[in-house]
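Visitor: Need coordinates for the below:
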Amino acid sequence: MYNAKFNIEVTEMKRNYITILALLTVIAVLAAACGNKQELEQHSAGPDQEATSSVPAFQSDATLPFKTDTNKVKEPLEISASKDKDQTAKEQTGTEKKTGAGSFDPDRPKLGGIALFEKKDAVVKMLGNPVEQYTLEDEPSMTIYEYDGLHIGFHKDDTVQFIEVSGADIVTGLQGLQIGDQEQAAVKALGKPDSDTSFVYSYNAKDSLLKLDIDPKTETILSIKLFVVEESA
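Guide: Have a look, this model is predicted:
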């Protein structure tokens, strides 16, 4: 009886072993079949398709962060080394909005683009409000408008009586003459002065006087003044 029972258990174990072995065989066959299928698909795709799939698709202009215009011609920057052009640009800004390098006209004297007897409103319109203003109580009294490198004196009737240029960046309107130039430049621009001392060049004009203060050591122009001269009785 014992041998019969043992034989039954052995038979049962054999069946289980055969079943497991059959399942493993089926799994191995299925795995091999799947691998062959993938290999066949890759070969059928060809080298061109594989190369194409590895390259990202080109983005159109609509998807790019910016657009480029290959037909647009870049215009060259206009750079001018002309002194006259640079001078003109200076004359159109700030206190340099004056006449350029014009000649001095004794019959219609001007300095820095400002004419004697010009109205205060016209001066403010040209130069803007002054940096500072004050009144000289001398006789006759005069109101001084101070700009950067430029002083203008007004009579009580609001007409210009006095102009002084002391800044090197101010366009004087005297044939390009500027503060800091050598005294020979004054003679070249304005001619021989009517009065010449070691310190002052003076030029007579209609009802006025143009004076250039000269530094005796450096022989350079320190300031230029134009003011009304009252006729003596």
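Visitor: I'd like the average pLDDT over stretch 112-126.
Guide: When pLDDT is averaged over stretch 112-126, the result is 94.
Visitor: Straight-line length of that stretch, end to end?
Guide: End-to-end span of stretch 112-126 (CA to CA, to the nearest Å): 11 Å.
Visitor: for stretch 118-137, same thing?
Guide: Terminal-residue distance, stretch 118-137 (CA to CA): 21 Å.
Visitor: Just the endpoints, please. Distance across stretch 114-122?
Guide: Terminal residues of stretch 114-122 are spaced 9 Å apart (CA to CA).
Visitor: Make residue 1 into 12 and carry on from there
Guide: Fine by me, first position is 12 from now on; the one you just mentioned is stretch 125-133.
Visitor: What residues of that stretch count as buried?
Guide: Across stretch 125-133, burial judged by 16 or more other CB atoms under 10 Å covers 125-127, 129, 131. For the C-beta atoms, the positions are set from N, CA and C on the backbone; glycine is no exception.
Visitor: and if you look at stretch 151-168?
Guide: Neighbour counts over stretch 151-168 (16+ other CB under 10 Å) mark 153-156, 158, 160-166 as buried.
Visitor: now stretch 221-237
Guide: 221-223, 225, 232, 234-237.
Visitor: can you check stretch 130-145 too?
Guide: Neighbour-count burial for stretch 130-145 flags 131, 134, 138, 141 (criterion: 16+ other CB under 10 Å).
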